[in-house]
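Chemist: got a predicted structure here, sequence first:
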Amino acid sequence: MVNSGLMDRLLLSNFRLQLASFAVSATFVVLLCFLFELRWETNDDIAMSMVAHGYGIASIGSPNIVFSNVVWGYLVRLLPEINGILGYSLATLGTLIVVSTVIVYGLCRLGVGYVVSFSVLVLILTRPVLVPQFTINAGLLMVAAILCWILFVQKNDKQALVMGCILAFCSFLVRSDEFYLVLIIASPVLPWRALWLHHSSKIAFFALILAIAGSAIINHQAYQGPEWKDYNELNPARKPITDFGFDRHLKQHPEILQEYGYSPNDIGLIRSWFFIDPAIANPIILKEMIDKLGFMPNEKKALANAWIALSVLYNFKLLPLILAAFLLALLRPSWKIAASWGLCIAAIVGIGILGRPGVLRIQIPLFSFLLIAPLFEGKITGWRRLIQSGIIFVAAAVNFDTVCAESKWHQPRAEKMRFQFAGFPNSPIVVWGAALPYEALFPVIRTSGSMAYSQIYGLGCFTLAPFSIHSTEKQAGRSAIDLLLRGNDLLVIANEIAFNQFNIYAKERLHGKLNVVSVQRYGKTPVRRVRFEKENDIQHKEALIK
């Protein structure tokens, strides 16, 4: 009876702590949403929101949001629009509230204390809330999952074990690459032996592995239909050029280009995401040209990328988080945490050498884990406790001030851009890559004005996907190339480099030239109305003039 009463009191205490943690976390996130305008960190989330809900670059809504698992796409689409907030945004903010709740609850259960736990929340979550990004969310979900597993081992909390597996599964759904990366970095700290000895954890992890395998199979099958053929064939062939800089190597070998009938401008077009002409975006030829190049090691470039990657260690956006994590590691030294730091640095350098240096969204979850890892040991006393609290509190205050000041700086500029884009065309308009200021025009918690009804003929990663405006227009015989060749006007948004490439393309591939009929400016963004003129027509006009 005594043990039963004690257990009841413990459960009630934990339930109250869970409620308090949720209330604090939800209040924190909602206050930030109320006081500041949230903006996406990259246009990737905007593109996935457009795909999920069928606007902008997508002619129809689809769960196939490409960068995240299709199961996550279905979950996003199930969420209703609430007061102008789309399901994708609700899922993003809901994820951050859950992560915040787990961090506060878990650290309090480990004996860190309420003030320090809330300071950790402010330090880790301020930027991901004000500037959300799906890769960051995936990594933070995994960080929260690891905290739950630590809590299970130390407190025998089976609820935490189950919650950790659910969070880890969601991390995999949102961004599998980040799921694996955080898991690898955390592997030295995780109590693998203790987890293995528990019968409950064996069952839970087996279920997690089955869920991950099942969702991976479902995701694979979702992209195997004939409508995905063009996208699937081109996607691996274009990646060396668009993502890893092989366009520079190809331009240094004109003999390869000449053999396949390509010009340097053609390769520049692929690098600029111009996939609407199959004569250029030919996956077989692109793969053969890359294979002829072979592996192109460049020691100077690799070292430069490694140094750029390491520059994250003194990037002002992450400096409070990194310094706090490093100082806590010194304050509570551990070979396991040192090993995690080593793996983290090695991963950052390795990713940089592969051609992706200095990508903050990949690294924020890694340093967030390194921040809380020293706290897994729970309470410390005396002067070390005071120093620990001081480090986290000061870092949280500095980070909060920095991120809020950054948001305040961006907000009036974004509002001005949205005002300038009033009256934006609702007919399909070709947008080259990131030439449109997506992050300003499509905020996290609302879709602004006429932009909600725009049809963006996007030249980017999703161009050949079956839900894209390009695919819909092509099926109707109105692809951008068809319209040009028929003499129809085409609305184009492109920077000067891309538009010059387009002009050269018209001369080299279509044997004519582009005439700019008119230019309508929306702020600093020009919308050109262009019309194609064939070479024979040009010669005929010149003859008449003579």
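Modeler: The structure has been received and is ready for your questions.
Chemist: contacts and neighbour counts: CA atoms only from here.
Modeler: OK.
Chemist: show me what the longest helix seen in the chain is packed up against.
Modeler: Ordering each helix of the chain by length in residues (DSSP state H) puts helix 382-420 first. If you count contacts as 3 or more CA pairs under 8 Å, 6 or more residues apart in numbering; DSSP states H and E, helix 382-420 packs onto helix 114-130, helix 319-331, helix 438-441.
Chemist: pLDDT below threshold where in the stretch 401-546 of the chain?
Modeler: 447-450, 536-546 (pLDDT under 70).
Chemist: if you set the cut-off to 90 instead, what comes out?
Modeler: For the stretch 401-546 of the chain, the stretches with pLDDT under 90 are 418-428, 432-435, 445-455, 460, 476-478, 487, 523-524, 533-546.
Chemist: name the SS class of Arg529, please.
Modeler: For Arg529, the assignment made with DSSP: H, G, I helix; E, B strand; the rest coil gives strand.
Chemist: where do the helices sit along the stretch 51-200 of the chain?
Modeler: In the stretch 51-200 of the chain, helices defined by DSSP state H, counting those that start in this stretch lie at 70-78, 87-109, 114-130, 134-155, 158-174, 176-186, 192-197, 199-222, listed in chain order.
Chemist: give the buried residues for the fifth one.
Modeler: The one in question is helix 158-174. For helix 158-174, the neighbour count (16 or more other CA atoms under 10 Å) marks 158, 160-174 as buried.
Chemist: ok, now the fourth one?
Modeler: Neighbour-count burial for helix 134-155, with 16+ other CA under 10 Å as criterion, is recorded at 134-154.
Chemist: that one packs against which elements?
Modeler: Here helix 134-155 touches helix 87-109, helix 158-174, helix 176-186, helix 360-372, going by 3+ CA pairs under 8 Å, 6+ apart.
Chemist: mind checking how far that helix is from the chain centre?
Modeler: 19 Å (CA atoms, centre = their mean, to the nearest Å).
Chemist: what does the fifth one give?
Modeler: The offset between the C-alpha centroid of helix 158-174 and the centroid of the whole chain comes to 20 Å, using CA atoms, centre = their mean.
Chemist: before we move on, what about the first one?
Modeler: The offset between the C-alpha centroid of helix 70-78 and the centroid of the whole chain comes to 16 Å, using CA atoms, centre = their mean.
Chemist: list the contacts of that helix.
Modeler: Identification of contacts with helix 70-78 by CA atoms under 8 Å, 6 or more residues apart in numbering yields 52-53, 62-65, 87-88, 91, 170, 173-174, 215, 218-219, 222.
Chemist: kindly report the same for the fifth one.
Modeler: Around helix 158-174, the neighbours that count as contacts under CA under 8 Å, 6+ apart are 67-72, 134-135, 137-142, 144-149, 151-152, 178-180, 200-201, 204-205, 208, 211-212, 215.
Chemist: Leu436 is in contact with Ile46, correct?
Modeler: No: assessed by CA atoms under 8 Å, Ile46 is found out of contact with Leu436, at 12.0 Å.
Chemist: what sits against Pro365?
Modeler: So Pro365 contacts Ile136, Gly139, Leu140, Val143, Val182 (CA under 8 Å, 6+ apart).
Chemist: what about stretch 62-81, average pLDDT?
Modeler: What stretch 62-81 shows for mean pLDDT is 95.
Chemist: how long is that stretch end to end?
Modeler: 16 Å (CA to CA, to the nearest Å).
Chemist: what comes up buried for it?
Modeler: In terms of neighbour count (16+ other CA under 10 Å), stretch 62-81 has its buried residues at 62-73, 76-77.
Chemist: so where is the stretch 1-150 of the chain shaky, pLDDT-wise?
Modeler: Looking at the stretch 1-150 of the chain by pLDDT under 90, you get 1-16, 81-85, 111-113.
Chemist: cutoff 70 now
Modeler: Along the stretch 1-150 of the chain, segments meeting pLDDT under 70 span 1-12.
Chemist: how close does Thr253 get to Leu293?
Modeler: Small correction: residue 253 is His, not Thr. His253 is 8 Å from Leu293, by CA to CA.
Chemist: now do Gly433
Modeler: Taking CA to CA, one finds Gly433 at 26 Å from Leu293.
Chemist: and the two? Which one has more around it.
Modeler: Gly433 (18 against 14; other CA atoms under 10 Å).
Chemist: give the contact list for the more buried one.
Modeler: Ser272, Trp273, Gly458, Leu459, Gly460, Ala494.
Chemist: again, but for Ile348
Modeler: Ala309, Leu310, Pro357, Gly358, Gln363.
Chemist: cross those residues against helices and list the overlap.
Modeler: Taking DSSP H, the ones among the contacts of Ile348 that sit in helices are Ala309, Leu310, Gln363.
Chemist: any idea what sits nearest the last one, other than its immediate chain neighbours?
Modeler: In space, and not counting its chain neighbours, Gln363 is closest to Ile348: 7.6 Å by CA to CA, 6 or more residues apart in numbering.
Chemist: now the second one
Modeler: Taking CA to CA, 6+ apart, and ignoring the residues beside it in sequence, Leu310 has Val349 as its nearest neighbour in space, at 6.6 Å.
Chemist: if I look at that neighbour, how far off is Lys534?
Modeler: 50 Å.
Chemist: for these two, indicate the residue with more neighbours.
Modeler: Each of Val349 and Lys534 has its neighbours counted (other CA under 10 Å); Val349 has more, 23 against 19.
Chemist: so that one makes contact with Ala309?
Modeler: Yes: in this structure, Val349 is within contact of Ala309 by CA under 8 Å, at 5.7 Å.
Chemist: now do the shared contacts for these two.
Modeler: Pro357.
Chemist: OK, contacts around Asp230?
Modeler: Asp230 touches Leu464, Ala465, counting by CA under 8 Å, 6+ apart.
Chemist: so it is in which element?
Modeler: helix 229-242 (DSSP states H and E).
Chemist: in that helix, what's buried?
Modeler: Quick answer for helix 229-242 (16+ other CA under 10 Å): Asp230, Tyr231, Asn232, Leu234, Ala237, Arg238, Pro240, Ile241, Thr242.
Chemist: which one of these is nearest Pro264?
Modeler: Ranked by distance to Pro264 (CA to CA), the buried residues of helix 229-242 are led by Ile241 at 12.4 Å.
Chemist: how much space between the closest residue to that closest one other than its chain neighbours and Ile353?
Modeler: Using CA to CA, 6+ apart and skipping residues adjacent in sequence, the residue nearest Ile241 is Asp247, 5.0 Å away. Distance, Asp247 to Ile353, by CA to CA: 17 Å.
Chemist: same question, Ile85
Modeler: From Ile85 over to Ile353 (counting by CA to CA), the distance is 39 Å.
Chemist: neighbouring contacts of stretch 187-201?
Modeler: In contact with stretch 187-201 (CA under 8 Å, 6+ apart) are residues Ile146, Ile150, Val153, Lys158, Leu161, Lys202, Lys336, Ile337, Ala339, Ser340, Ala373.
Chemist: buried ones in that stretch?
Modeler: Neighbour counts over stretch 187-201 (16+ other CA under 10 Å) mark Ser187, Pro188, Val189, Leu190, Leu195, Ser201 as buried.
Chemist: what do you get for stretch 326-346?
Modeler: 326-329, 336-341, 343-345.
Chemist: domain parsing for this protein?
Modeler: 2-35+68-222+304-412, 226-293, 429-545 (automatic domain parsing).
Chemist: which stretch among these comes nearest Gln420?
Modeler: When the domains of the chain are compared by CA to CA, domain 429-545 sits nearest Gln420, at 5.4 Å.
Chemist: only C-alpha atoms, please: export stretch 443-460 in CSV.
Modeler: Output of stretch 443-460 as CSV, limited to C-alpha atoms (Å, rounded to 0.1, in the frame of the first residue of the first chain):
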residue,chain,number,x,y,z
PRO,A,443,5.6,33.8,-44.4
VAL,A,444,5.3,30.8,-42.1
ILE,A,445,1.9,31.5,-40.7
ARG,A,446,0.1,33.2,-43.6
THR,A,447,0.1,33.4,-47.4
SER,A,448,0.1,37.0,-48.5
GLY,A,449,-2.4,38.6,-50.8
SER,A,450,-2.5,37.7,-54.5
MET,A,451,0.7,35.5,-54.1
ALA,A,452,-1.6,32.8,-52.7
TYR,A,453,-3.1,32.5,-56.2
SER,A,454,0.0,32.8,-58.3
GLN,A,455,1.0,30.0,-60.7
ILE,A,456,4.8,29.7,-60.5
TYR,A,457,6.3,27.9,-63.4
GLY,A,458,9.4,27.0,-61.3
LEU,A,459,12.7,26.1,-62.8
GLY,A,460,14.1,24.1,-60.0
